[in-house]
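> Sequence and computational prediction follow.
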Amino acid sequence: MFKRILSAVFLILIAIPLIVTGGKVFAIAIGIIGILALKEMIDLKKKQGTIPIFMKMIFYISLLCIIYLIPFDFSDSVGLNFRLFNLILLFYLFPTLYYHHKNIYSTKDAFLYFTITLLLGLACHGIIVLRFHNIWLFLSIILIPILTDTFALFFGKMFGKHKLSPNISPNKTWEGSICGTICATIISSGFYYFVMKPTTVGNWIVLLFFLTIVSQLGDLFFSTIKRENGIKDFSNLIPEHGGVLDRFDSIIFTILAFVLFIAYF
């Protein structure tokens, strides 16, 4: 427990100055996090075989292109950059013709890692855009998955009796999930109202409530990946906390959902 708390404090001490500073330093940090997250997904392949080094480089370069080449503006970034995505897709698919007979990079791998690259790239890009847009709005949104996870864990241990999804995450309960959703919605709404001073907060309460649910679904999604691969954590990068994806799983889907909201509502 002491190591877990110490690791959490260390992460907070690193995150705060990066978030406050913003700008290129923050953008570079998010890019590094994206690379580490993608590496954790690539390493899952080790159970069946090794992804060729050439393809790994293609994956990492593609991820950075998605993060940094799409404009850092809500009005522009929400539109899909089809030329970039089409180019990346071709670079992922055509090498399967060469590696097919070696059985180390299949069409299944190509589509899998293309999807993973898009997921992580768009999420990292969304985090940067949100921070560039407004630090207080950024904190309001980032608080949602953090508060939801924290209160769901706390109330789940206190009152949890009914399993939320026993085949995916046996420790999660309906009681914890509901309490986490309610507490996170109230606190994040209060924080948003205090720092943003909006004329109306009703729509945002509904949005934040929706995002608490999305964050939990994101957590379950990555838990499913771990179950399918027979692992407890994505890596041991962070002592007592697992890997990057173990800490950012719910944040990834929260950011994606919020960017969609900004685009269409």
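Okay, I see it. Numbers count the residues shown, from 1 in each chain.
> can you pull out the helices in the stretch 101-250 of the chain?
107-133, 135-159, 174-196, 202-229, 244-264 (DSSP state H, counting those that start in this stretch).
> so can I have JSON lines of the ones you listed showing distance to residue 21 and mean pLDDT?
All C-beta atoms are positioned from the backbone trio N, CA, C, and that covers glycine. As requested, those are exported to JSON lines (distance: least, CB to CB, whole Å; pLDDT from 0 to 100):
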{"stretch": "helix 107-133", "distance to residue 21": "10", "mean pLDDT": "94"}
{"stretch": "helix 135-159", "distance to residue 21": "10", "mean pLDDT": "92"}
{"stretch": "helix 174-196", "distance to residue 21": "18", "mean pLDDT": "93"}
{"stretch": "helix 202-229", "distance to residue 21": "25", "mean pLDDT": "93"}
{"stretch": "helix 244-264", "distance to residue 21": "19", "mean pLDDT": "89"}
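> For residue 66, find the nearest of the ones you listed.
For residue 66, the closest of these is helix 107-133, at 3.0 Å, according to CB to CB.
> From the contact counts, what lies against the closest one?
helix 23-43, helix 53-69, helix 74-77, helix 82-93, helix 95-99, helix 135-159, helix 244-264 (3 or more CB pairs under 8 Å, 6 or more residues apart in numbering; DSSP states H and E).
> Next, the contact list for residue 137, please.
Residues in contact with residue 137 (CB atoms under 8 Å, 6 or more residues apart in numbering) are 130, 192, 196.
> you'd agree the last one is up against residue 136?
Yes - contact between residue 196 and residue 136 holds when scored by CB atoms under 8 Å: they sit 5.9 Å apart.
> list the residues that contact both of the two?
With CB under 8 Å, 6+ apart, residue 196 and residue 136 have no common neighbours.
> Can I get the helices and strands packed on helix 107-133 in CSV including distance to residue 205?
Shown next, in CSV, are these (distance: least, CB to CB, whole Å):
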stretch, distance to residue 205
helix 23-43, 28
helix 53-69, 31
helix 74-77, 21
helix 82-93, 34
helix 95-99, 47
helix 135-159, 12
helix 244-264, 13
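> Of all those, which one comes closest to residue 230?
With CB to CB as the criterion, residue 230 lies closest to helix 23-43 of these, at 13.3 Å.
> how distant is the closest one from the center of its chain?
Counting by CA atoms, centre = their mean, to the nearest Å, helix 23-43 is centred 11 Å from the centre of its parent chain.
> repeat for stretch 129-148
Using CA atoms, centre = their mean, the offset of stretch 129-148 from its chain centre is 13 Å.
> Mind listing what's buried along it?
For stretch 129-148, a neighbour-count test (16 or more other CB atoms under 10 Å) marks 129-132, 137-148 as buried.
> And the residues you listed, which two are furthest apart?
Across these (CB to CB), the longest gap, 24.5 Å, separates 132 and 148.
> number of nearby residues for residue 220?
Around residue 220 there are 19 other residues, counting by other CB atoms under 10 Å.
> contacting residues around it?
Counted by CB under 8 Å, 6+ apart, residue 220 has contacts 165, 168, 169, 172.
> Among those, which lie within strands?
165, 169, 172 (DSSP state E).
> from those residues, which is closest to residue 29?
Closest approach between the ones in strands among the contacts of residue 220 and residue 29, by CB to CB: residue 169, at 28.7 Å.
> Leaving out chain neighbours, which residue sits closest to that closest one?
Closest residue in space to residue 169, ignoring its immediate chain neighbours: residue 223 at 4.5 Å, by CB to CB, 6 or more residues apart in numbering.
> residues in contact with the one you found?
So residue 223 contacts 168, 169, 249 (CB under 8 Å, 6+ apart).
> Residue 234 contacts residue 244, correct?
Yes - assessed by CB under 8 Å, residue 234 is found in contact with residue 244 at 7.0 Å.
> Next, show the common contact partners of the two.
With contacts taken as CB under 8 Å, 6+ apart, residue 234 and residue 244 have residue 40 as neighbours in common.
> Appreciated, that's everything.
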